[in-house]
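Visitor: Based on what follows, work out the 3D shape:
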Amino acid sequence: MKYLIGFILLSLVGCQKSEHKTIEPSEVMEKAIEFSGKSKLNENVLKFKFRDYSYKAIPTCEGFQLERLSTASPTKDVVKNGELTRFYQDSIVKLADTTAFSYYESVNSVHYFTQLPLRLEDDAVRPTYLGEEEIDGKAYHKLKVKFTENDGGEDFKDTYIYWFDTSDFSMDFLAYSFLVNGGGLRFRRAINQRTIKGVVFQDYENYKPKETSRKLEDLGQFWESGDLELLSKIENENVTLESSALNCN
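Guide: Okay, here's the model as predicted:
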């Protein structure tokens with residue numbers, strides 16, 4: 001009898017361990033991308049308007065060609081293969097390196113957030129699973145993302161935190177640290193979620209900590225306690241998807 005009891009206890013312990021299996025960050029990212037439908041950006045041209053510019057992301061066999069067109073002048077910035085080229089009408093504008101880098105950062109940043117969570121597939125991404133965290137009464141998978149220096153671009157030292165709903169893997173919150181312009185922390189809450197041709201898009205409320213001593217990993221709890229202040233809203237308008245004729249075979 002005692003051997004039978006011991007077998008039952010071991011079986012129960014085994015069941016408990018299997019129920020608390022740690023989820024891999026790659027699994028969270030895959031399910032988040034699946035929920036978002038953002039893989040369709042690899043075969044469709046994305047267009048949208050953000051503030052005073054019109055943006056376009058064109059899939060290519062090497063990644064994306066990212067564009068920004070001013071609504072006030074015939075000026076267009078094109079980012080391809082990690083470099084920015086500025087055009088005025090059809091002529092290339094010679095830019096100082098620092099100016100070109102500033103424009104590159106601006107164009108890439110807007111497109112990056114619009115393409116999330118698809119960009120978590122980038123080769124430079126190095127994710128870490130931080131466990132589950134509750135925000136606004138809901139459970140979230142919490143991931144930290146760092147980047148390799150070789151493929152991570154100029155901002156490879158930036159760090160991101162993403163919160164994915166444990167039930168449907170929607171990306172409801174994100175936060176990041178940055179070093180440019182004196183550095184700082186930002187926290188974003190997703191708003192206005194809508195689905196266009198099977199792709200989920202959302203806007204954001206953009207917050208910063210009221211105190212500079214805050215840690216990136218703690219921003220979810222500071223959101224809960226009201227210790228973040230609203231800076232701006234990130235709202236994309238006139239979002240459209242157009243089929244691309246891309247063929248990389």
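Visitor: What is the burial count for Leu216?
Guide: 17 (other Cβ atoms under 10 Å). Every residue, glycine included, has its C-beta placed from N, CA and C.
Visitor: And for it, nearest residue in space, chain neighbours not counted?
Guide: Spatially, and ignoring its direct neighbours in sequence, Leu216 is nearest to Ser177 (4.8 Å; Cβ to Cβ, 6 or more residues apart in numbering).
Visitor: Helix, strand, or coil at Glu149?
Guide: Assigned with DSSP: H, G, I helix; E, B strand; the rest coil, Glu149 falls in the coil class.
Visitor: Any buried residues in the strand ranked longest in the chain, and which?
Guide: Counting residues, the longest strand in the chain under DSSP state E turns out to be strand 184-196. By neighbour count on 16 or more other Cβ atoms under 10 Å, the buried set for strand 184-196 is Leu185, Arg186, Phe187, Arg188, Arg189, Ala190.
Visitor: Quick check: nearest residue in space to the fourth one, chain neighbours excluded?
Guide: Just to be clear, that refers to Arg188. Tyr204 (4.1 Å).
Visitor: Make sure I have this right: the one you found is in a strand.
Guide: Yes: assessed with three-state DSSP, Tyr204 lies in a strand.
Visitor: ok so, going back, check which helices and strands the longest strand of the chain sits against.
Guide: Strand 184-196 sits against strand 171-178, strand 199-209, helix 219-224, strand 228-234, strand 237-243, with contacts defined as 3 or more Cβ pairs under 8 Å, 6 or more residues apart in numbering; DSSP states H and E.
Visitor: So the residue nearest to Arg188 versus Lys233, what's the distance?
Guide: 7 Å (Cβ to Cβ, to the nearest Å).
Visitor: These two: which is more packed in?
Guide: For Tyr204 versus Lys233, neighbours defined as other Cβ under 10 Å are more numerous around Tyr204 (20 against 12).
Visitor: Could I get the full set of strands for the protein?
Guide: 44-50, 53-60, 63-70, 75-80, 83-88, 91-93, 125-135, 138-147, 159-165, 171-178, 184-196, 199-209, 228-234, 237-243.
Visitor: As TSV, those with distance to Pro25 and mean pLDDT would be great.
Guide: Shown next, in TSV, are those (distance: least, Cβ to Cβ, whole Å; pLDDT from 0 to 100):
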stretch	distance to Pro25	mean pLDDT
strand 44-50	26	97
strand 53-60	25	97
strand 63-70	22	96
strand 75-80	27	96
strand 83-88	30	96
strand 91-93	41	96
strand 125-135	4	97
strand 138-147	5	97
strand 159-165	10	97
strand 171-178	14	96
strand 184-196	20	97
strand 199-209	20	97
strand 228-234	25	97
strand 237-243	28	96
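Visitor: what residues are up against the closest residue to Ile58 other than its chain neighbours?
Guide: Spatial nearest neighbour of Ile58, chain neighbours left out: Gln65 (4.4 Å); criterion: Cβ to Cβ, 6+ apart. By Cβ atoms under 8 Å, 6 or more residues apart in numbering, the contact set of Gln65 is Ala57, Ile58, Val78, Val79, Lys80.
Visitor: a markdown table for the strands of the chain, including distance to Ala32?
Guide: Shown next, in a markdown table, are those (distance: least, Cβ to Cβ, whole Å):
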| stretch | distance to Ala32 |
| --- | --- |
| strand 44-50 | 18 |
| strand 53-60 | 19 |
| strand 63-70 | 19 |
| strand 75-80 | 25 |
| strand 83-88 | 29 |
| strand 91-93 | 38 |
| strand 125-135 | 11 |
| strand 138-147 | 9 |
| strand 159-165 | 5 |
| strand 171-178 | 6 |
| strand 184-196 | 12 |
| strand 199-209 | 10 |
| strand 228-234 | 19 |
| strand 237-243 | 19 |
